[in-house]
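Engineer: Predicted model and sequence below, questions to follow.
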Amino acid sequence: MSSTPLTLRRPSKVIQGTVQLTGSKSESNRALIIQALSRGAVKVENLSAAADTVIMNKALTLADTSRETGETITVDIGPAGTAMRFLTSYLNLVEGNFILTGTERMQQRPIGILVDALKTLGANIDYEKKDGFPPLVIKGGMAQDKQKVRIQGNVSSQYLSSLLLIAASLKQGLVLEIEGELTSRPYVTMTLDMLQEAGIAHTWTDNTIEIAPQEFKPTTIYVEPDWSAASYWYAMVALSEKGEVVLPGLKAHSLQGDIAIVDIMTHFGVASSFQDDGLHIAKVNEGSDKVLFDFKACPDLAQTIVALAAAIRRDISITGVETLKIKETDRLTALKNEIEKFGATITADGETYHVKAHEVYVPKQITFDTYEDHRMAMAFAPLALIFDEITIKDPVVVEKSYPDFWEHLQQQGFTIKQ
């Protein structure tokens with residue numbers, strides 16, 4: 001897929017079919033770190049095909065070469081935010097010298113809270129350019145000074161997960177005290193559950209998580225399909241006149257916080273049924289009149305819901321989205337820019353954002369920018385079900401998490417032209 005804009009049409013407003021989603025990027029990237037730390041004891045199946053996971057896998061292989069050569073290794077993770085956060089901790093345990101860097105946007109995304117926590121533990125990390133931001137200069141083989149560290153819980157759960165993933169491999173283990181409210185709690189729970197699956201025990205009391213030094217046990221981690229990717233198919237079913245889609249492999253009991261889409265989409269008229277062959281989602285009614293949606297535990301779903309609500313002229317309010325400002329782009333600003341193209345808008349009231357859609361109109365043709373953000377492309381693509389023709393700029397961005405997205409749309413009846 002090139003970066004040439006794609007034009008989408010959907011001649012029929014009926015959608016029906018089966019879509020095999022790639023493995024979860026969130027689970028895959030955690031599994032790869034666990035596998036690397038286990039020194040082969042842990043195997044991984046159904047690894048994500050997402051670019052972020054491919055980048056993580058290559059970076060871990062590259063880091064291993066430092067043990068052999070003794071040279072400073074530059075690890076460039078491009079736009080892969082999870083890889084940046086997880087490798088910031090992991091590389092401290094690898095004998096060698098590293099420069100950890102990424103794209104221009106990645107070098108604008110803060111990492112100081114995690115770096116400060118690692119320095120407290122004894123890590124040798126410096127900033128190559130601007131304090132608080134990548135690139136990072138890391139001298140591996142850290143000698144642990146302290147066991148306990150405090151870190152804010154309301155900035156990015158990936159900081160916490162990054163520390164928890166390496167905790168059992170630290171000589172003193174880790175006592176992690178979470179300050180304030182914990183954002184995206186399901187992602188921290190996912191990390192701990194996957195560690196537990198690999199034999200790593202923990203205790204979590206109030207705001208303190210403790211992991212003692214311990215060995216990984218031989219096991220195989222099976223990566224569930226990606227619930228974030230499923231959200232775009234929910235949006236398509238919601239926007240259809242009649243729709244039913246089967247998503248194989250998705251289970252009612254998931255480690256992924258984005259399973260919250262099941263409940264959220266009941267308010268947009270989509271019912272979910274877990275059957276032997278996977279998850280069945282179907283358009284059953286027009287939904288409820290629920291107005292306020294909290295994305296604190298599932299921020300990656302916010303773009304899907306905002307684009308959907310705006311397109312169907314439904315006013316909603318959203319909270320729990322402050323972390324969206326430091327993602328691949330400032331997602332709140334990006335959303336505002338794009339929904340304004342068809343008459344909707346977003347206004348802020350403290351940490352609550354109001355989507356106003358009563359002046360929405362249906363253009364004959366509309367072009368959406370994606371801001372180097374995979375979720376912007378996939379959140380707005382379903383609008384081809386109600387707008388005559390939409391164009392998505394820089395469609396290649398979907399490779400970050402869902403490389404087969406455009407192919408899957410074509411398989412389900414969308415007409416796509418470059």
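Structural biologist: Received, thanks.
Engineer: Buried residues, the helix-or-strand element of the chain with minimal mean pLDDT. List them.
Structural biologist: None of the helices or strands of the chain scores lower by mean pLDDT, DSSP states H and E than helix 51-69, at a mean of 87. Using 16 or more other CB atoms under 10 Å as the test for burial, helix 51-69 gives A51, D52, T53, V54, I55, M56, N57, A59, L60, A63, S66. From N, CA and C alone the C-beta is placed, and that goes for glycine too.
Engineer: What of stretch 39-54?
Structural biologist: Neighbour counts over stretch 39-54 (16+ other CB under 10 Å) mark V42, V44, N46, L47, S48, A49, A50, A51, D52, T53, V54 as buried.
Engineer: Show me what Q16 is bridged to.
Structural biologist: E244 (DSSP bridges).
Engineer: okay, now it: neighbour count?
Structural biologist: Q16 is flanked by 15 other residues according to other CB atoms under 10 Å.
Engineer: What distance do you get for it to M236?
Structural biologist: Here the criterion is CB to CB, to the nearest Å. By it, Q16 lies 11 Å from M236.
Engineer: hmm, back to that, most widely separated two among the buried residues of stretch 39-54?
Structural biologist: V42 and A51 (22.9 Å; CB to CB).
Engineer: distance between the least confident helix or strand of the chain and the chain's centre?
Structural biologist: Averaged C-alpha coordinates place helix 51-69 at 20 Å from its chain's average position (CA atoms, centre = their mean, to the nearest Å).
Engineer: on contacts alone, who are the packing partners of the helix or strand following that helix?
Structural biologist: Downstream of helix 51-69, the first helix or strand assigned by DSSP states H and E is strand 72-76. With contacts defined as 3 or more CB pairs under 8 Å, 6 or more residues apart in numbering; DSSP states H and E, strand 72-76 has these neighbours: helix 51-69, strand 97-101.
Engineer: the inter-axis angle of the shortest one versus strand 72-76?
Structural biologist: Interaxial angle of strand 97-101 relative to strand 72-76 (axes from the mean of the first three to the mean of the last three CA atoms, to 10 degrees): 20 degrees.
Engineer: Residues contacting strand 97-101, please?
Structural biologist: By CB atoms under 8 Å, 6 or more residues apart in numbering, the surrounding residues in contact with strand 97-101 are 63, 66, 71-77, 84, 87-88, 91, 107, 128, 134-140.
Engineer: Recalculate using a threshold of 7 Å.
Structural biologist: Residues outside strand 97-101 that contact it (CB atoms under 7 Å, 6 or more residues apart in numbering) are 63, 66, 72-76, 84, 87-88, 91, 128, 134-140.
Engineer: Low-confidence stretches in the stretch 101-250 of the chain?
Structural biologist: Across the stretch 101-250 of the chain, nothing is flagged by pLDDT under 70.
Engineer: quick one, helices of it?
Structural biologist: Counting by DSSP state H, counting those that start in this stretch, the stretch 101-250 of the chain has these helices, from start to end: 112-121, 157-167, 185-197, 227-239.
Engineer: Need those in TSV (columns: mean neighbour count and distance to K417).
Structural biologist: Output for the helices of the stretch 101-250 of the chain, formatted as TSV (neighbours: other CB atoms under 10 Å; distance: least, CB to CB, whole Å):
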stretch	mean neighbour count	distance to K417
helix 112-121	19	43
helix 157-167	25	37
helix 185-197	20	37
helix 227-239	26	19
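Engineer: and of those, who's closest to I305?
Structural biologist: Proximity to I305 (CB to CB) singles out helix 227-239 among those, at 8.0 Å.
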